[in-house]
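*Asks:* predicted model, plus sequence, below.
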Amino acid sequence: MKRLGETRRLYYWLLLETGLRVNEVRTLCVGDVHLGTAPYIEVQAKNEKARRGAQLPLRDDLAQEMGRYLEDAQRDAQQHGRPIPMRIRSDERFLPEIPASVKVLNRDLYFAGIEKKDDAGRVLDVHALRHTYCTRLSKAGVSLQLGQRLMRHSTPSLTANYYTHLDLGDKRKGVDMLPALPTGDRVQAAQALENGSPQLAPTLAPESHKEVLLGAFPRT
């Protein structure tokens, strides 16, 4: 049971940190997992949904965990006289055991105290972990272009509009990043804008919008 828990934990971790699809995880071989100085996973073109192939970087902590898991699996195979596993599949006990049914995930969610459905009605299934990966990239400040590459999407709109989920708190953080508008006498603010003050005009609007902004700061 301990071993099963370790495989399941690594399986979910791998999905959350790489955005891999379940069928792609099923086809990974030992030779596809590179755990050197700059660790990464290579998805063969024949096994990828878009048939292009990809190299996905791994965080160092996940790479270290995968290395330990591989060592344990090989040591266990040698001790019991079994062939050293060469493919990441549950029956070969190399890397994460792939749940055969959604019921497995549901049981794991139950025992972990995680709700199956959130307040917005969104359901947590295995593919939702790919959405989570994409959303975490966006929240971490990763550019849309790089996020699209990591997600291996054909268009940036797919990355931004369907796989990135931002709530009110995220919008608040975006608004809080705006520089504060100058405060004080409204007449002085209007005159500064009209005179092309470098402290105000460039940050508020281009020259063509001055009249609109001057209307917001009426002279008294």
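*Replies:* That came in fine, so what should we check first?
*Asks:* helix or strand for the residue nearest the centre of the chain, which one?
*Replies:* Note on the chain: the residue nearest the mean C-alpha position is residue 133, at 2.3 Å, using C-alpha atoms, centre = their mean. Here residue 133 sits within helix 128-139, counting by DSSP states H and E.
*Asks:* run the chain-centre distance for that helix.
*Replies:* 3 Å (C-alpha atoms, centre = their mean, to the nearest Å).
*Asks:* now it: buried residues?
*Replies:* Under the neighbour-count criterion of 16 or more other C-beta atoms under 10 Å, helix 128-139 has 129, 130, 131, 132, 133, 134, 135, 137, 138 buried. Backbone N, C-alpha and C define where each C-beta goes, glycine included.
*Asks:* tell me the one of these nearest residue 18?
*Replies:* Here the nearest of those to residue 18, counting by C-beta to C-beta, is residue 133; it sits at 7.1 Å.
*Asks:* test my guess that that closest one contacts residue 21.
*Replies:* No - using C-beta atoms under 8 Å, residue 133 is not in contact with residue 21; the gap is 11.0 Å.
*Asks:* quick check: longest helix of this protein.
*Replies:* Using DSSP state H, we find that the single longest helix of the chain is helix 60-79.
*Asks:* burial count for residue 54?
*Replies:* Per other C-beta atoms under 10 Å, the neighbour tally for residue 54 reads 19.
*Asks:* that one pairs with what?
*Replies:* For residue 54, the beta-bridge assignment (DSSP bridges) gives partners residue 43.
*Asks:* circling back: buried residues in the helix or strand that the longest helix of the chain is followed by?
*Replies:* For helix 60-79, the succeeding helix or strand toward the C-terminus, using DSSP H and E, is helix 102-112. Buried residues in helix 102-112, counting neighbours by 16+ other C-beta under 10 Å, are found at 105, 108.
*Asks:* helix 128-139 and helix 102-112, what's the angle between them?
*Replies:* If you take axes from the mean of the first three to the mean of the last three C-alpha atoms, to 10 degrees, helix 102-112 sits at 60 degrees to helix 128-139.
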